[in-house]
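Visitor: coords please:
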Amino acid sequence: MGKPVIMLSSVTLAMKGQRLLQKNGIRCDIERIQNYNQNGGCAYGLKVLNGDVERAMELLRTNRILIVGLYERAD
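Guide: Here you go, the predicted model:
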């Protein structure tokens, strides 16, 4: 089973989200997601390390950090 990755649209939002989650005790890493859309663009994601992805997503939404998707990364 892989780690859940919360997809965000920019590295700036990913950095802001990482700081927010870490202040709230949720460990996460930023990773670049290549080929995010049909045009070959990329997105950035927060890989949640301690399994509390639902709480992480709620914190991000509450703080107006737009989530563009969620996927599970095979490690």
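Visitor: Identify the residues contacting the top helix by length along the chain?
Guide: Using DSSP state H to assign secondary structure, the helix with the most residues in the chain is helix 11-23. With C-beta atoms under 8 Å, 6 or more residues apart in numbering as the contact definition, helix 11-23 has outside contacts at 6, 8, 27-30, 32, 44-46, 48, 56, 59-60, 63, 65-66. Any C-beta I mention is one placed from the backbone N, CA and C, and that applies to glycine too.
Visitor: Where strands are concerned, which of these count?
Guide: Ile6, Leu8, Cys28, Asp29, Ile30, Arg32, Tyr44, Gly45, Leu46, Val48 (DSSP state E).
Visitor: Only the buried subset of those residues, as a PyMOL command please.
Guide: To isolate the buried ones among those in PyMOL, judged by 16 or more other C-beta atoms under 10 Å, type:
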select buried, resi 6+8+28+44+45+46+48
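Visitor: Return the two entries of the ones in strands among the contacts of helix 11-23 that lie farthest from one another.
Guide: Arg32 and Val48 (16.3 Å; C-beta to C-beta).
Visitor: Kindly reformat the ones in strands among the contacts of helix 11-23 as JSON lines and extend each row with pLDDT.
Guide: Converted to JSON lines, these look like this (pLDDT from 0 to 100):
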{"residue": "Ile6", "pLDDT": "96"}
{"residue": "Leu8", "pLDDT": "94"}
{"residue": "Cys28", "pLDDT": "94"}
{"residue": "Asp29", "pLDDT": "95"}
{"residue": "Ile30", "pLDDT": "96"}
{"residue": "Arg32", "pLDDT": "90"}
{"residue": "Tyr44", "pLDDT": "93"}
{"residue": "Gly45", "pLDDT": "94"}
{"residue": "Leu46", "pLDDT": "96"}
{"residue": "Val48", "pLDDT": "92"}
